[in-house]
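S.K.: Need coordinates for the following:
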Amino acid sequence: MDRNTIIGLVLIFLVFIGFSLFNSNKLKKSYEATVIVADSLYESGDYEAARLQYLKALEYKPGTPEAVNRINEINRIIQPDTVTLQDTVQQEQGVVQNEVLPEPQSGETQMSEQAAGVFSEAYHGDQEFYILENNKLILKISAKGGRVYSVTLKEYTTYDNRPLVLFDGDSTVFGFKFFTRDNKRIETNNMFFQPVATNAHTDASGTKASAVFRANVSDDQYIEYIYSLDPELYMVDFDVNFVGLSGVLASNINSLSFDWKTYIPQQEKGRQNENNWVNIKYKHYQDNVDGFRDRSQKDFEETDISTPLKWLAFKDQFFSSVLISGQYFSNGYVSYTTMPADSKYLRYCTAELSLPYEPGPKVEYDLNLYFGPNHYQALKKYNLELEELVMLGKNIIKFINQYVIVQIFNWLNKFIGNYGIIILILTLIIKIVLFPLTFKSYQSQAKMKVLKPLVDEIGKKFPKKEDAMKKQQATMDLYKKAGVSPMGGCLPMLLQMPILFAMFRFFPTSIELRQESFLWADDLSTYDSILDLPFTIPLYGDHISLFTLLMTVSTIITMKINSPSTTGQEQMPGMKMMTYIMPLMFMLILNNFSAGLTYYYFLANLITFGQNLISKRFIDEEAVLKKLNENKKKTPKKSKFQQRLEEAAKQRGYKPPKKK
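M.R.: The predicted structure follows:
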């Protein structure tokens, strides 16, 4: 390894360290700025606003004692009867200590009569649970908050064969926030809803069924949640009705705030790979799908959304929870916090959405909840652009995946049940289609190999450094006479790069590969391990992936065969070292990636090697030399550009030197 390579690696390392320090400093400054605002509001006696600012500060630095203590103090001022104040903070903000989330509370007064006003009775109740189930989902609905307490996907399990639960527990916040006419702050997440003609277990496996819950002010004044399920759908109808409350809610409001916060648990074996795809996505009303950048390494991100939204999703690598509006959300605020590496959760996601509100005898909101897999074809059927939750890349990469790779993959899946075989056939189809480009590249490389002795002679003719330009001109003249382009081998390879990038996007997010085994890989959607290490190697991980090793070895062999020293091109300084550095870098990066991806790259290398052997039979080295000798006898034809340059030079009085 030469000095320049070492300097480059050191600089890359320093950039990573600098970025980490910058990001940490940015979070610290954001936290301090928010606390200053919160302290100011607290000193002025605006406790509700101060409390919200302290909660926001905790999103920058979760668990900071000063902010937590101040929230507890505010709670004692505005909610003197609150039990377990620390739990309240944890529930709203997502502060996890020792991985014990707040436990359900039953039979306790959550808010005093004075603090709750006309809703005081709704803050009294017992914690009970109700099941709404179809052939796909089990919804566990909590009386407290009337919210979906947990969601279990019946057709899936986690990597260690536990039931796959998208979220669970009182750590989830899901409900409306608003003020009443007498300036009481109401949060439906902490109110007790009563079932209406709803049994403890409602079965929707045979026909559509509903579960109805109400938070009552009186018999004709209440907030109503209606959950409805069809037998075979992951989509839940969620109807919300504010009945007879126009005289109760504050008269100056034109929107209701909806608060949704939850932890995303780890479901897959490869935590690092899974965490790359945990994200918050949202669709702008009558516009495109947006969200935080996938594979972001930031510990915290937030954004205010000032435009209307159609839906918002908390997505994992293979599953999503989506809140959809029949009309639109006016605006919103979203954020996520990355959990520690030893946590069973990946990220804590929050969203605050606004729903338009116009007073009336009955204010209705037609909402939907999607709890299910990120399956491209299934999501596309809803015509809501939910298929954008499956990350297929952007621009040409997305086009290739959407209209070529996905289509071929699904077509093969109709006839073949083994996904290892499907990937093999898919790779063969792609390589056969790209073979003309591969052949063109190999043809150019073979010609360069034939010319190598002549290029070496030119090098001997111009050994001095000051003659480098003459050497280059002589070499290019040789290539021109032989009818060879130095870029002829590179351009066809560059045209194939979008396919490689498309596969890099396709395999890690394809739920079809999840928990599908092939050869020694027990799950093609995550890494294959032939040896678990008792320690962790930085960048590489704590295991050895055989498909990644095979990919690396085959890449080195392919690059060695096609290297400049064997194709006739003059070797650039450091190029020989790059033959080994690049594959080794990819080995470090891809060791934790999908086995399906590294298996594909390995197959692609093998097929390319075979295609090169076939191509060799069609390259006549004697014909190349014969053409070179024929071209030497011909007078080189000047290009139109060169002719124009000479004409311009003659007009200025320049006379070219006579040939000796």
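S.K.: okay, now Phe439: neighbour count?
M.R.: A count of nearby residues for Phe439, using other C-beta atoms under 10 Å, gives 17. C-beta here means a position set from N, CA and C on the backbone, and glycine is covered the same way.
S.K.: Do I have it right that it meets Gln611?
M.R.: Yes: A contact is recorded between Phe439 and Gln611 when judged using C-beta atoms under 8 Å, the distance being 7.3 Å.
S.K.: Sketch out the low-pLDDT regions of the stretch 301-450 of the chain for me.
M.R.: The stretch 301-450 of the chain contains residues with pLDDT under 70 at 446.
S.K.: Going along the chain, name the strands of it.
M.R.: Counting by DSSP state E, counting those that start in this stretch, residue ranges of the strands within the stretch 301-450 of the chain are 309-315, 319-329, 332-338, 345-356, 362-373.
S.K.: quick one: average pLDDT of stretch 530-549?
M.R.: For stretch 530-549, the mean pLDDT works out to 85.
S.K.: Ok, stretch 150-169 next?
M.R.: When pLDDT is averaged over stretch 150-169, the result is 90.
S.K.: Could you check how far it is from the centre of its chain?
M.R.: What separates the centre of stretch 150-169 from the centre of its chain is 21 Å, taken as C-alpha atoms, centre = their mean, to the nearest Å.
S.K.: Now the terminal residues of it, how far apart.
M.R.: Its first and final residues considered, stretch 150-169 spans 7 Å by C-alpha to C-alpha, to the nearest Å.
S.K.: list the buried ones in that stretch?
M.R.: Of the residues in stretch 150-169, Ser150, Val151, Thr152, Leu153, Tyr156, Tyr159, Leu164, Val165, Leu166, Phe167, Asp168, Gly169 count as buried by neighbour count, 16 or more other C-beta atoms under 10 Å.
S.K.: Next: stretch 213-223.
M.R.: Of the residues in stretch 213-223, those with enough neighbours to count as buried (16+ other C-beta under 10 Å) are Phe213, Arg214, Ala215, Asn216, Val217, Gln221, Tyr222, Ile223.
S.K.: Excluding sequence neighbours, find me the nearest residue to the second one.
M.R.: Okay, so that is Arg214. Nearest-residue entry for Arg214: Tyr222, 4.5 Å, with adjacent residues in sequence omitted and distances by C-beta to C-beta, 6 or more residues apart in numbering.
S.K.: Beta-bridge partners for that neighbour, please?
M.R.: With DSSP bridges as the criterion, Tyr222 is bridged to Asn216, Val243.
S.K.: Of all the strands of the stretch 301-450 of the chain, which one is nearest Leu524?
M.R.: strand 362-373 (15.8 Å; C-beta to C-beta).
S.K.: Counting by contacts, list what that closest one packs against.
M.R.: Counting contacts by 3 or more C-beta pairs under 8 Å, 6 or more residues apart in numbering; DSSP states H and E, the secondary-structure elements packed against strand 362-373 are strand 137-142, strand 148-157, strand 235-243, strand 319-329.
S.K.: Redo the ones you listed as TSV? Include distance to Thr509.
M.R.: Output for the helices and strands packed on strand 362-373, formatted as TSV (distance: least, C-beta to C-beta, whole Å):
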stretch	distance to Thr509
strand 137-142	22
strand 148-157	15
strand 235-243	21
strand 319-329	11
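S.K.: Out of these, which is closest to Ala38?
M.R.: Closest to Ala38 of the helices and strands packed on strand 362-373 is strand 319-329 (C-beta to C-beta; 26.4 Å).
S.K.: Look up the closest residue to Asp203, ignoring the ones flanking it.
M.R.: Glu133 (5.9 Å).
S.K.: where along the stretch 501-650 of the chain do the helices fall?
M.R.: Per DSSP state H, counting those that start in this stretch, the stretch 501-650 of the chain has helices spanning 546-561, 564-567, 575-590, 595-616, 621-633, 640-651. These are given in chain order.
S.K.: Quick one: mean pLDDT for the third one?
M.R.: Helix 575-590 carries an average pLDDT of 75.
S.K.: from here on, count from 59
M.R.: Yes, from this point I'll number from 59; that puts the last item at helix 633-648.
S.K.: one step back: by mean pLDDT, show me the worst of the helices of the stretch 559-708 of the chain.
M.R.: Between those, the one with the least mean pLDDT is helix 622-625; it has a mean of 50.
S.K.: per-domain residue ranges of the chain.
M.R.: According to automatic domain parsing, the chain is divided into the following domains: 88-166, 167-449, 455-680.
S.K.: Turn the ones you listed into TSV, columns for distance to Glu705.
M.R.: As requested, the domains of the chain are exported to TSV (distance: least, C-beta to C-beta, whole Å):
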stretch	distance to Glu705
domain 88-166	65
domain 167-449	53
domain 455-680	22
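S.K.: thinking again about what came up before, give me the distance between the residue nearest to Asp261 and Lys327.
M.R.: Separation of Glu191 from Lys327 (C-beta to C-beta, to the nearest Å) stands at 28 Å.
S.K.: likewise Asp184?
M.R.: Taking C-beta to C-beta as the measure, Asp184 and Lys327 are separated by 40 Å.
S.K.: cool, and Phe237?
M.R.: Taking C-beta to C-beta as the measure, Phe237 and Lys327 are separated by 47 Å.
S.K.: Neighbour count: these two, which is higher?
M.R.: More crowded of Phe237 and Lys327, by other C-beta under 10 Å: Lys327, with 19 against 16.
S.K.: pLDDT at the more buried one, what is it?
M.R.: Residue-level pLDDT assigned to Lys327 equals 87.
S.K.: Tell me which helix or strand it sits in.
M.R.: When secondary structure is defined by DSSP states H and E, Lys327 falls outside every helix and strand.
S.K.: Identify the residue spatially nearest to it, adjacent ones excluded.
M.R.: Tyr217 (4.2 Å).
S.K.: Roughly how far does the residue nearest to Arg272 sit from Ser313?
M.R.: Looking at Tyr280 against Ser313, where the rule is C-beta to C-beta, the gap reads 20 Å.
S.K.: ok, now Val95?
M.R.: Using C-beta to C-beta, one obtains 23 Å as the distance from Val95 to Ser313.
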